[in-house]
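**Student:** Need coordinates for the following:
(chains A and B)
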Amino acid sequence: GQNIDQPTEMTATEGAIVQINCTYQTSGFNGLFWYQQHAGEAPTFLSYNVLDGLEEKGRFSSFLSRSKGYSYLLLKELQMKDSASYLCAVAPIYNFNKFYFGSGTKLNVKP
Amino acid sequence: ETGVTQTPRHLVMGMTNKKSLKCEQHLGHNAMYWYKQSAKKPLELMFVYSLEERVENNSVPSRFSPECPNSSHLFLHLHTLQPEDSALYLCASSPGTSGSNEQFFGPGTRLTVL
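**Tutor:** Next up is the predicted model:
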């Protein structure tokens, strides 16, 4: 089976840094994705990690440790518009067309 | 139009009705997906089509019937639904099986079953 865990909700201050963690247990692993979803909107792709290490993309970075089944999304210089849900998703190696999503972490950015 | 579009955006139906959700992608992708998103639950993958062939069906009740007439269009036919089927139904597409296989999502159809 597949098990993906994320915190339900987090709060941070505008301008700060926040780290959203994701742990997973899957039957095989092919890649880990982070998506952002604003309330009432579709999820949008943020990042993809297939190898261990940090992938940086502007204010957002994503880290992966395959041996630990662990990833985090790091958001720097938080802006009010970053208030959204952040979804962690894993693609198993035996079926690259299949994704398993976590329940998402709702991030509240306060002034 | 660009990206992934879905119609209708909102749908209210009775348990005896028959309706269809439509998804269209303008990205030249080979794979399309239907997801169900209920409040405070993970996105649930319902169906996957690759090159117009169904490759995944995650034990979805038969009252949901998908159709993929070509690589750009995907339908979800609904009949005799239950109130617990009320949810946001999201369509997505991806290039296929190579590379990062990033999924692009449509805006969703908010379905309410009375």
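**Student:** Now name the helix or strand holding the residue nearest to the spatial centre of chain B.
**Tutor:** Centroid-nearest residue in chain B: B:Trp34, 2.9 Å away (criterion: CA atoms, centre = their mean). Following DSSP states H and E, one finds B:Trp34 within strand B:31-37.
**Student:** Give me the helices and strands touching the helix or strand following that strand, please.
**Tutor:** Counting by DSSP H and E, the next helix or strand C-terminal to strand B:31-37 is strand B:44-50. Strand B:44-50 makes packing contacts with strand B:31-37, strand B:53-57, strand B:64-70, strand B:73-79 when contacts are defined by 3 or more CB pairs under 8 Å, 6 or more residues apart in numbering or on different chains; DSSP states H and E. In this view, the C-beta of every residue, glycine as well, is placed from N, C-alpha and C.
**Student:** Mind listing what's buried along strand B:44-50?
**Tutor:** Neighbour-count burial for strand B:44-50 flags B:44-50 (criterion: 16 or more other CB atoms under 10 Å in any protein chain shown).
**Student:** Switch those over to a markdown table; also include distance to B:Ser20 and pLDDT.
**Tutor:** Shown next, in a markdown table, are the buried residues of strand B:44-50 (distance: CB to CB, whole Å; pLDDT from 0 to 100):
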| residue | distance to B:Ser20 | pLDDT |
| --- | --- | --- |
| B:Glu44 | 20 | 90 |
| B:Leu45 | 20 | 89 |
| B:Met46 | 15 | 92 |
| B:Phe47 | 14 | 92 |
| B:Val48 | 19 | 89 |
| B:Tyr49 | 16 | 90 |
| B:Ser50 | 21 | 85 |
